[in-house]
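Colleague: Here is the input, now give the coordinates:
(chains A, B and C, ligands or ions: 2)
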Amino acid sequence: MGDRLHTFNGGIHPEGHKAESSATPIRDMALLPRYVVPLRQHIGTPARPLVQAGDKVLRGQPIGAAEGYVSTAVHAPTSGTVIAVEPRAVPHPSGLFDLAVAIESDGEDRAVDFTPLDWRNLDPSALRNRIRDLGLAGLGGAVFPSYIKLNPGAQSIHTLIVNGAECEPWITCDDRLMRERAAETLQGVAIMAHALGVKTVLVGIEDNKPEALAAMAAAAPAGVEVVAVPTRYPGGGGKQLTYTLTGVETPTGGRSTDVGIQVFNVGTAYSLYRAAMLGEPLLSRVVTVTGHVARPGNFETRIGTPLADLLTAAGGANPGAVGEIIGGPMMGFDLMDLAAPVTKAVNCLIVKDPVHFPPRPAPLPCIRCGACARSCPADLQPFEMYWFSRAKDFGKAQSYNLFDCIECGCCAYVCPSHIPLVDFFRFAKSEIWEREQEKRASDQARQRHEFKEFRLEREKQEKAEKFAKAAEKQKEAAAAGPAAAPADPEAEKKKAILQAALERAAKAKEGVTPKNTDHLPPRVEREIAEIDARREQVVGKEGGEG
Amino acid sequence: MLSAILVMAAIGLVLGGILGWASVSYRVEEDPLVEKIDAVLPQTQCGQCGYPGCKPYAEAIAKGEAEINKCPPGGLEGIKRMAELLGVEPPAAEGMEPKPKSIAVIDENTCIGCTLCIQSCPVDAIIGAAKQMHTIIADQCTGCELCLPPCPVDCIAMVVVKEDVTTWKWRYPVHMMKRAA
Amino acid sequence: MNGSPYALLAKNSVSSVMLKVMAALIPGIIAHAWFFGPGIWVSLFLCTGFAVALEGLILLMRNVPVKPFLSDGSVLVTAWLLALSLPTLAPWWLYAVGVVLAVLVAKHFYGGLGQNPFNPAMVGYAALIVSFPVYMTQWPAPLGLADHSLTLLDAFDLVFAGQGSISPDAYTSATVLDTWKTQARLGLPAEDIRAMAMFGWAGARGQEFVAAAFAFGGLLMLAHRLITWHIPVAFLVGLALTAGLLHLLDPGRHADPLFHLLSGGAMLGAFFIATDPVTASSTPLGKLIYAGLAGFLTALIRAFGGYPDGVAFAVLIANICVPFIDAYTQPRVFGHDKAGK
Ligand code: SF4
Ligand code: SF4
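Modeller: Ligands and ions are numbered 1, 2, ... in the order given. Presented below is the predicted three-dimensional model:
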């Protein structure tokens, strides 16, 4: 494998614009007075906050813990005081706020003690738990928690692909990383290979980065093959790179692990190196700042750095700038608020100028020219999906395999009618997701409603039975009454027992009254537990009179 | 002329036969109609349709006793889907624009723990016991508002569910070339 | 709100596509003018003028922005294709009626650009030939065969003032396809028909070169990726195979495939008409089926139909089948197995 490259269909050759930011070495940023660390930086459940306003934290101290399986920790980028745990601006296309920890730094930048991991001898699951607690997540953009991807699980993984293709125009953070820190990155790769138990390791780098290719090839140990792949967007897409290097297609709806291949980004490999060798959590990443700025380049940026400060570090926007993009120009999104911080997912900040980022021309109707289909790396028929998404006929759109679309933007790039195809696909996808969500909710409501009716019915029956029994007993007692007329101690005793039983029943009944807490998902159960705890507090405060 | 008629008749017979055979051998086992109708209803269980729940309303529709435009939470979209399912023209529906999704929230300081709301909740989304403060499980609440009237101290309020980064949706793209008229 | 991509888009637009298509038509037009006289300039001029005026009017009435839609150029391509398929030197109102049918009926009645199921130019042509067969069979005779060589002024005169001083017989004749059909039915041996003056070395005299020029323009479009190879190849192969089979069965009645490829609207149809993206199939396999069907039908209509050429009807019938063809020829999607799972 790796000796013969495979060519995926479609793809485009947009202007690269890599030189603007790739010429200068990665720069460090000065310590900032304030950082904002969102708790949702990865795919999955957001981290659970571990600190409150007023707490003192040290650099590297966990401030959010992994919550559930698909989750990972977040850490304080410097030492200082937590000033708030509240919704703040985050880099998200919606511009909505999300829960974050704001930290005021004390200027000392004191760190907790980092203990390197003994990764060769550590038990694999212990190693993964450490990696989860160190907050590692994929730095290529998907930010999937790394510890999960390092678990070979039931499938056996035979090939590790390290993605250094960096096919998006303008972005050069992986390029600079590989040029300057090839040896360290490859050590991270070695740890990955060890954890997954793979034999073949392929590092794919687009051939427009000769320096990175040379540096990585020079530093690569035996068993790690550095492969130059042709420069063609989206050659760095996980599925596309996998296909280019191995000829294996990732099955639809599945992951590459289904076919024995795991893909990691080079940035993730580097952060794994730091985690294992230095015991350091994911505290910073390389971010490209480019476009219409005074001094474009790459910055070693602490997670939580407000983007405004990052922009200042690059000399600020030139006059005439018309907004910023987070990520690349093909798949990124418009930044709504420069107060939003750098997160693990942010690899690039592009300042737009009207020359390179003109407004999209007004769209014309689709002429079914098929240019989009020919450029689609997923071999889809975008114009058909567009037709049905526009008509809000989501079932039809889905039947044209809408969910195989990777939103790479090739189709919208080539369309002669300038139709914002990907916008339509994103719209259709989120509508379909919402509908599925609604469907699940209504199924749940139906079940719970039916259960309630069943419960009411059962309670009614139970009551009727009890009533019948009680009536019988009374009858019996009445029948026995005259025979045992003298109120002997035995009857008294019986009465007492009855009384006690009744009381017990009453108590028990009280205990079981909220029968509606059966069959709940763990999240809801937790919520209930929290509510119970709160209630206890309230009751306690009110002197237990409740 | 005669031969033409015969040929046409023969073709008709053959095609009819094929259709008949296909309808028998390709028949899909279908859910009973009530289930299908019930699946389209939003399961809010609010009773605004005049029936004690979604299922009874579904049964009434199946029997042809009820119009399909009686479900406000389902909104126009729901009527459309119901009309599609039943193969009828969607009836006129006024004031069926669905309200923004809201859920009920109990003011925990005012609640006296009377359990009346618990009994009224069709999906058991309220927990609490006699004389203890009650709470609504947000995830389970269908927003039916049935718990509002029974509360003797009016401590339950409907709160509109706000959009957050997980529930946010991409909007319908603006299509500048749309016909102005 | 506008999502990604934000990058400078590919330099591609509907109007540039249409302009390139028109540029690719120019060699054929020049050849046409060279061999059949200046009439083509008049019909091109008329069709273009009528079409632009009508399109503008319709856009105004439909209340859509006129400028972007008028400048998309699609109406120009329709006008040119119509002009190239109609006989030159016909009365001016024939072009006007053709344009109305093509632009108003075939295009805007269906919702305008991108929505029409049938090729507008072919709808115009087919409707005219059904309604005014006499005018539609009088084609200018090729250079050197006409008794009269026309100037551009003569051409204008003829188109607007009717026959004027020159008798139509002096400059028009039936097309070779027509002649072949009538003569062969009358029992004239193939060699004798072939020997008639209007026949060239393979097709109609002059027309062979026009066809070659259209093919050349088509190759230019291929080179610029305006079209893919599927449709022209499948169309020509479908036509040649069917014609060849008929020729083998009855050489006396049916001309050889080369003759069919080089006469009538075969080349224009293969490269410019069947390839109209709006009305053609859009999957690779679908394109082969669609264009193969159109070629096959062209040969059949030429052999057995009553009209001088079959391209228009064949393409229209193939247009009808496009939704079905597309639905059943969806390409395999990345990551799906052969069964589409
Ligand atoms: S590229 Fe644009 S115009 Fe062409 S088929 Fe695709 S969506 Fe339609
Ligand atoms: S955005 Fe989707 S449809 Fe468009 S080219 Fe990329 S994968 Fe294909």
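Colleague: how about low-confidence regions in chain C?
Modeller: Scanning chain C for pLDDT under 70 picks out C:1, C:141-150, C:161-174, C:195-204, C:338-341.
Colleague: mind listing the strands for it?
Modeller: Counting by DSSP state E, the segments of chain C that form strands are C:139-140, C:172-173.
Colleague: Secondary structure element holding the closest residue in space to residue B:51 that isn't next to it in sequence?
Modeller: Closest residue in space to residue B:51, ignoring its immediate chain neighbours: residue B:57 at 4.1 Å, by CB to CB, 6 or more residues apart in numbering or on different chains. C-beta: built from backbone N, CA, C; applies to glycine. Assigned by DSSP states H and E, residue B:57 belongs to helix B:54-62.
Colleague: Report the rounded mean pLDDT for that helix.
Modeller: Helix B:54-62 shows a mean pLDDT of 87.
Colleague: helices or strands up against it?
Modeller: helix A:421-483, helix B:33-40 (3 or more CB pairs under 8 Å, 6 or more residues apart in numbering or on different chains; DSSP states H and E).
Colleague: ok, 6 Å please
Modeller: helix B:33-40 (3 or more CB pairs under 6 Å, 6 or more residues apart in numbering or on different chains; DSSP states H and E).
Colleague: How about residues contacting the helix it packs on?
Modeller: Here helix B:33-40 makes contact (CB atoms under 6 Å, 6 or more residues apart in numbering or on different chains) with B:55, B:58-59, B:61-62, B:81-82, B:85.
Colleague: now swap in stretch A:277-284 and tell me
Modeller: A:60, A:75, A:77, A:114-116, A:134-136, A:271, A:274, A:300-302.
Colleague: Give me the buried positions along that stretch.
Modeller: Neighbour-count burial for stretch A:277-284, counted by 16 or more other CB atoms under 10 Å in any protein chain shown, picks out A:277, A:279-284.
Colleague: Identify the residue nearest the geometric centre of chain B.
Modeller: Nearest to the geometric centre of chain B sits residue B:41, at 2.1 Å (CA atoms, centre = their mean).
Colleague: In space, what's closest to that residue - neighbours in sequence excluded?
Modeller: Distance criterion CB to CB, 6+ apart; nearest residue to residue B:41, sequence neighbours excluded, is residue B:54 at 4.2 Å.
Colleague: Check the gap between the one you found and residue B:67 for me.
Modeller: For residue B:54, the distance to residue B:67 equals 15 Å [CB to CB, to the nearest Å].
Colleague: what about the chain, any weak spots by pLDDT?
Modeller: Just so you know, I chose chain A. Short version for chain A, where the test is pLDDT under 70: A:1-3, A:480-546.
Colleague: Please refer instead to chain B.
Modeller: Scanning chain B for pLDDT under 70 picks out B:1-2, B:25-31, B:95, B:98, B:175-181.
Colleague: Quick check on whichever residue of it sits closest to chain A: phi, psi?
Modeller: Distances between chain B and chain A by CB to the nearest CB are smallest at residue B:124, namely 3.1 Å. Per-residue torsions, residue B:124: phi 50, psi 50 (degrees, to the nearest 10).
Colleague: hang on, the earlier thing: farthest-separated two in the contacts of stretch A:277-284?
Modeller: A:115 and A:301 (24.9 Å; CB to CB).
Colleague: More neighbours: which of those two?
Modeller: The residue with more neighbours, out of residue A:115 and residue A:301, is residue A:301; 28 against 10, by other CB atoms under 10 Å in any protein chain shown.
Colleague: what kind of secondary structure is the more buried one in?
Modeller: With DSSP: H, G, I helix; E, B strand; the rest coil as the basis, residue A:301 sits in strand.
Colleague: Can you dump the C-alpha atoms of stretch A:249-268 in CSV for me?
Modeller: Taking C-alpha atoms only, stretch A:249-268 is exported to CSV below (Å, rounded to 0.1, in the frame of the first residue of the first chain):
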residue,chain,number,x,y,z
GLU,A,249,-13.7,3.7,0.3
THR,A,250,-15.1,4.5,3.7
PRO,A,251,-18.5,2.9,3.7
THR,A,252,-21.4,5.3,3.7
GLY,A,253,-22.7,6.1,7.1
GLY,A,254,-19.6,4.4,8.6
ARG,A,255,-16.1,5.3,9.7
SER,A,256,-12.8,4.4,8.2
THR,A,257,-12.3,2.0,11.2
ASP,A,258,-14.9,-0.2,9.6
VAL,A,259,-12.3,-1.0,7.0
GLY,A,260,-9.4,-1.2,9.4
ILE,A,261,-8.0,2.3,8.9
GLN,A,262,-7.7,5.1,11.4
VAL,A,263,-7.0,8.7,10.4
PHE,A,264,-5.4,11.4,12.6
ASN,A,265,-4.4,14.9,11.9
VAL,A,266,-0.7,15.9,12.3
GLY,A,267,-1.7,18.5,14.8
THR,A,268,-3.3,15.8,16.9
